[in-house]
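Student: sequence unknown, structure follows:
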C-alpha cells in the first residue's frame, strides 16, 4: 500500500531548489501528484503531494531533503495524509469566480477580504497578492457554491471594496480564462 505525503519547503530563493527537492522525491521512488511553488520577497515556498512506498517514513523524507547541500537552509515539513481524497478527479464546482483587486496599500486588506469570504460562506481556492510602489494588487479564485448568488456577492464585494479604497472586478472563471488565455502557438 502506498503512502501519501504532503511536503512543504521554505528557503531563501536560489536557482535549483525545485530540481533538488524533486530529485530527492525521485530518488526515494516518490510519485509526484501535485506541486505548488512560489517566490515571495525572495523566499521560496513549495508544497508537494507525493506518493511513496509504504516502508518510507516521514522522518526519512525530511532528513533526505534537509541534507541537500545548499547555500540556503531548507525548512521542511512532511506529513502523511489520508489518501482517500487525493489523486481523485473531483468535478470542480460550477460557481468559481475570479476576483481581482487593486488599491493603495493599507494594513488589513488581506484580512478584510478573508473575513468577507468567511462571512459569506465563500471558499478561497487560491489567493495571490503583490505590493509594488505602495499599490496592493490581489487575485482570488473563489467558490460561491455555498454562498449567496453571484450578483448579491458582487454587490456586497463592491460595497466593501469602496470602503477599503480598492477597485475590484469579479468574473466567472470561464470568462476570466477566455479573456486571459495565453497561447503557446
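Tutor: Perfect, thanks for sending it. Since the structure is predicted, the reported quantities are computational estimates derived from the model, not experimental observations.

Student: quick one: residue 50 and residue 4, what's the gap?
Tutor: The gap separating residue 50 from residue 4 is 8 Å, by Cβ to Cβ, to the nearest Å. To be clear about C-beta, it is placed using only N, CA and C from the backbone, and glycine gets the same treatment.

Student: could you do residue 156 as well?
Tutor: As for residue 156, its distance to residue 4 is 38 Å (criterion: Cβ to Cβ).

Student: flag the shaky bits of this structure, pLDDT-wise.
Tutor: Filtered on pLDDT under 70, the chain yields the residue ranges 84-93, 182-185.

Student: got the residue ranges for the helices in it?
Tutor: In the chain, the segments counted as helices under DSSP state H are 17-27, 58-66, 109-119, 150-164, 173-179.

Student: those: which one's closest to residue 100?
Tutor: Taking Cβ to Cβ, helix 173-179 is the member of the helices of the chain nearest to residue 100, at 8.5 Å.

Student: any idea how far the closest one is from the chain center?
Tutor: 19 Å (Cα atoms, centre = their mean, to the nearest Å).

Student: circling back to that earlier point, would you turn the helices of the chain into a markdown table with mean neighbour count?
Tutor: Formatted as a markdown table, those follow (neighbours: other Cβ atoms under 10 Å):
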| stretch | mean neighbour count |
| --- | --- |
| helix 17-27 | 16 |
| helix 58-66 | 16 |
| helix 109-119 | 16 |
| helix 150-164 | 15 |
| helix 173-179 | 13 |
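
Student: with distance to residue 102 as extra columns, can I get these in TSV?
Tutor: Formatted as TSV, the helices of the chain follow (distance: least, Cβ to Cβ, whole Å):
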stretch	distance to residue 102
helix 17-27	30
helix 58-66	37
helix 109-119	10
helix 150-164	10
helix 173-179	15
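
Student: can you say which of those is nearest to residue 98?
Tutor: Closest to residue 98 of the helices of the chain, according to Cβ to Cβ: helix 173-179, at 4.1 Å.

Student: who does the closest one touch, helix- and strand-wise?
Tutor: strand 96-104 (3 or more Cβ pairs under 8 Å, 6 or more residues apart in numbering; DSSP states H and E).

Student: adjacent strands (with direction) for the strand it packs on?
Tutor: strand 135-143 (antiparallel), strand 166-172 (antiparallel) (DSSP bridges).

Student: tell me which residues of that strand come out buried.
Tutor: Across strand 96-104, burial judged by 16 or more other Cβ atoms under 10 Å covers 96-99, 101-103.
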